[in-house]
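K.L.:
task: produce atomic coordinates for the following.
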Amino acid sequence: MQRISIPKRLLVAVGGNATHPEDISGTTEEQKIIAQRTAMSLLPLAQLKNELVVTHGNGPVVGKILMRQVLTRDRIPPMSLDICVAHSQGGIAYLLMQAMENALREADNARHVACLLTQVEVDPDDPGFKNPTKPIGPFFTEEQAKQVGAELGWEMREDSGRGWRHVVASPKPKHIVDISLIDVLVRRGTVVIAGGGGGIPVVRGPKGIRTGVAAVIDKDLTSAHMANVLGIDTMMLLTAIPKVMVDFGKPSQRPLDRVSLDELKKLHAEGQFPPGSMGPKVEAVIRFLEGGGRHAVIAHLEQAMPALKGETGTHVMRA
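P.N.:
Alright, predicted model coming up:
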């Protein structure tokens, strides 16, 4: 694969399942270890003389926060979903910020890392509110899903052959609140962690008054929007797979190495990328490139630097 020049301004989106894998219980110690591993994977990017923005998912974590509330609902009043998103955003970003700064100090690098609690405005009339599609929380068997759904009033759907999950509304991002602060910090050389979990969903009323709403915005769509507003040419979506696959699970399965935007849109229209797995990432890449981006990468978290150099991963070019 052709090597690619290192961009001076970069946005990296880390998947929720990469920061909280399915095979952990979710203890504090486990989450610290995962944050440390994530920080080590991102360290080579943070050591570059660049401007770096990091976003992250929260699907598994916010789902567990909701479940924790359900189990204690008779003793502790539950929080609304927007506050649950804020809790997950702050907790994940805190662990990642600390782990990244520790990794930089171990490497004798004085670069600062900051996390910004990020609100994201959505349209109150977004059709996503009428058709919940965003899977969050743990996986269940079909029988468990029916039981949990009936008991808690949750909508449960099958998620790409991996099991059943709770789905919630997922409106599209319209505006990143305080995007100017992210821009100022990143221009000063600070690694900025923002937009976690897609951002805290809010709607804007008269006089600019904002109110939280019950939803979870797709992290990759928020990342693409943020990158476009900040004028970033290169966006990386780091997940648990090394490359995007075509004909996934079939004898004709093959990885995508380098593909044009038009080719990716054609494959997407053919239904190659399921909504519950690779679909949102592909949609985010398309939006990013159509919105002014030049180069998008989907790769494994542990291969971040080789992928940035063009040695692995799936690379999508605008032209």
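K.L.:
how much space separates residue 25 from residue 224?
P.N.:
32 Å (CB to CB, to the nearest Å). For every residue, glycine as well, the C-beta is placed using N, CA and C.
K.L.:
can you give me the buried ones in stretch 283-296?
P.N.:
Going by neighbour count (16 or more other CB atoms under 10 Å), the buried part of stretch 283-296 is 283, 284, 285, 286, 287, 288, 289, 293, 295, 296.
K.L.:
so what's residue 292 closest to, chain neighbours aside?
P.N.:
Take residue 292 and drop its neighbours on the chain: the residue closest to it by CB to CB, 6 or more residues apart in numbering is residue 228, 5.4 Å away.
K.L.:
which stretch of helix or strand covers the one you found?
P.N.:
helix 219-229 (DSSP states H and E).
K.L.:
ok, then the element right after that helix?
P.N.:
Using DSSP H and E, the helix or strand that directly follows helix 219-229 along the chain is strand 234-239.
K.L.:
now for the very next helix or strand once past that following strand, which elements pack on it?
P.N.:
The element immediately downstream of strand 234-239 (helix or strand, assigned by DSSP H and E) is strand 245-246. For strand 245-246, the packing partners by 3 or more CB pairs under 8 Å, 6 or more residues apart in numbering; DSSP states H and E come out as strand 254-255.
K.L.:
next SSE after the strand it packs on?
P.N.:
Beyond strand 254-255 on the C-terminal side, the first helix or strand identified by DSSP H and E is strand 258-260.
K.L.:
what strands line up against that following strand, and which way round?
P.N.:
strand 314-317 (parallel) (DSSP bridges).
K.L.:
where does the stretch 151-300 of the chain dip in pLDDT?
P.N.:
Counting by pLDDT under 70, the stretch 151-300 of the chain has low-confidence residues at 276.
K.L.:
show me where the stretch 1-150 of the chain has helices.
P.N.:
Along the stretch 1-150 of the chain, the stretches classed as helices by DSSP state H, counting those that start in this stretch are 16-19, 28-46, 59-71, 81-106, 142-152.
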